[in-house]
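Undergrad: no FASTA, just this:
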Ligand SMILES: Nc1ncnc2c1ncn2[C@@H]1O[C@H](COP(=O)(O)OP(=O)(O)O)[C@@H](O)[C@H]1O
Ligand SMILES: Nc1ccn([C@@H]2O[C@H](COP(=O)(O)OP(=O)(O)O)[C@@H](O)[C@H]2O)c(=O)n1
């Protein structure tokens, strides 16, 4: 159970905006646990594919979500590759999958002391009572470049234009779905990192948190 003294930080935003980097840095700074909720959806997407299923099969995706184990979240290189992001965004559109993953996320957010979570619906659905809410964004071109650099540095081969098309398609799907669409919460601060390096983005994020918790 959380108390008003707990520091719950919700970090949402589109793909490769830098929300995960910011969330991790805030968690380290405030000494809080961090959950990258995208990994849950990525693990469900890969679980469906590993069973030879279709990403549009809601019943199968729900079974995979209900059977999710901590060990499904350990293969970070595979979970963070290009295909897993696409698969995650497909299964994330099934309302039953979102419902199955809700309890784990709300309990993480409400642990004593607080927590930092990043995703698409943290400030709107998972922790609407968060102490601080950030919606981190950047231009699609800058986000595509960051993700392209990240993936090619790891040996994935992908053309920049295909990366940009991926990002735009995922933005549209995540913002357009009926279940918990990606949207800036009314009380979230917008942080546009287009012209910021990681250090500047973290500084701006920390200032937002300090201002929010002082209110
Ligand atoms: N402000 C920034 N400037 C340059 N690169 C960044 C910035 N923020 C994050 N990155 C890099 O961009 C990539 C994607 O960042 P990440 O935090 O994983 O994004 P997200 O969680 O929004 O998908 C990573 O390689 C990260 O190091
Ligand atoms: N809280 C969340 C987190 C991720 N997701 C979905 O999972 C996909 C992958 O999320 P992610 O945060 O790992 O992706 P990136 O922003 O790192 O590319 C997103 O495109 C969303 O469709 C979601 O619906 N809700």
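TA: Looks like it arrived, so ask away. Quick caveat, the model's predicted, so the values are computed rather than measured. Residues are numbered from 1 along each chain as shown. Ligands and ions are numbered 1, 2, ... in the order given.
Undergrad: tell me the contacts of the most centrally placed residue in the chain?
TA: Residue closest to the mean C-alpha point of the chain, counted by CA atoms, centre = their mean, is residue 119 at 2.3 Å. Counting by CB atoms under 8 Å, 6 or more residues apart in numbering, residue 119 makes contact with 11, 12, 36, 37, 38, 105, 126. All C-beta atoms are positioned from the backbone trio N, CA, C, and that covers glycine.
Undergrad: and of those residues, the nearest to residue 193?
TA: Relative to residue 193, the closest of the contacts of residue 119 is residue 11; by CB to CB it sits at 11.7 Å.
Undergrad: and stretch 19-27, does that touch ligand 1?
TA: Yes: Stretch 19-27 reaches ligand 1 (CB under 6 Å from any ligand atom) through 19, 20, 21.
Undergrad: Nearest residue to the last one in space, please, no chain neighbours.
TA: The shortest distance from residue 21 to any residue other than its chain neighbours is 5.8 Å, reached at residue 198 (CB to CB, 6 or more residues apart in numbering).
Undergrad: residues contacting the one you found?
TA: Residue 198 makes contact with 18, 21, 25, according to CB under 8 Å, 6+ apart.
Undergrad: Just the pLDDT for it.
TA: Note for residue 198: predicted pLDDT of 98.
Undergrad: residues of the host helix or strand of residue 206 that come out buried?
TA: Assessed by DSSP states H and E, residue 206 sits inside helix 198-214. Neighbour counts over helix 198-214 (16 or more other CB atoms under 10 Å) mark 201, 202, 204, 205, 206, 208, 209, 212 as buried.
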